[in-house]
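Chemist: got a predicted model here, sequence first, then my questions.
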Amino acid sequence: MNIRTFRDGIFALHTRRFGTVAEIMVKKIFSLEKAKKNSYDKLDVTQNKRVEIKFSRVMKANEVAINEKTIIDQCLKANLSDRALTEKGAQQYPFDCNIQQIKCKEFDILYYGLFFTDIIYIFKMTSQEVKKCVGYSDKQHRGNRGEGQFHINNDTLPYHVKNYLIKKMDYLELYNLFK
């Protein structure tokens, strides 16, 4: 098995399918169970805690907006191999990962993280900690109530690493977890 092909496949998945990969990963690592309701992702039966899981792929920020003049060039530059970042690359290029659709009333524990091309970061915080998280906004969409978001980017990554990082793993470890 080519681990790079496996990793590239994860980066190429559509959003919901990528989220399912992250949910299965967290479920297996932390021995979580199926949720009893659709309002959260998993259940930690040892602590009787509702668990939400949110992950993002780390990609270089787009340098140019898409408009009528730039559309062809921007589509040609949308290639994953040109934009996906390594852990070290994230120190050299701007990136912005949005951890979104967070409904703090619906969970007790949030597992969230970042897929770099060489390593995966897994973070953990409580719903109360989310509300105090650097950059957290409880207004994701106009008129929306009870749903928020925060960004992990070059400026906020050190805060998350210092306070909430619980595990790093590489893609061989992930592949073996799923095997």
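Modeler: Sure, I can see it.

Chemist: can you pull the buried residues of stretch 163-178?
Modeler: 164, 169, 171, 174 (16 or more other C-beta atoms under 10 Å). Where you see a C-beta, it was placed from the backbone N, CA and C, and this is true even at glycine.

Chemist: dump the residue contacts of the last one.
Modeler: For residue 174, the contacting residues are 6, 25, 120, by C-beta atoms under 8 Å, 6 or more residues apart in numbering.

Chemist: keep only those of those that are in strands.
Modeler: The strands, defined by DSSP state E, take in residue 120 from the contacts of residue 174.

Chemist: which one of the buried residues of stretch 163-178 sits closest to residue 136?
Modeler: Taking C-beta to C-beta as the measure, residue 136 lies nearest residue 164 of the buried residues of stretch 163-178, at 12.5 Å.

Chemist: for the buried residues of stretch 163-178, work out which two are farthest apart.
Modeler: 164 and 171 (21.8 Å).

Chemist: what's around the residue lying closest to residue 64 once chain neighbours are set aside, how many residues?
Modeler: Spatial nearest neighbour of residue 64, excluding adjacent residues (C-beta to C-beta, 6 or more residues apart in numbering): residue 70 at 5.3 Å. Using other C-beta atoms under 10 Å, the number of residues around residue 70 comes to 13.

Chemist: thought residue 70 was touching residue 76?
Modeler: No - in this structure, residue 70 is not within contact of residue 76 by C-beta atoms under 8 Å, at 10.3 Å.

Chemist: most distant residue from the middle of this structure?
Modeler: In the chain, counting by C-alpha atoms, centre = their mean, residue 69 sits farthest out from the average C-alpha position, at 31.8 Å.

Chemist: that one and residue 75, how far apart?
Modeler: 13 Å (C-beta to C-beta, to the nearest Å).
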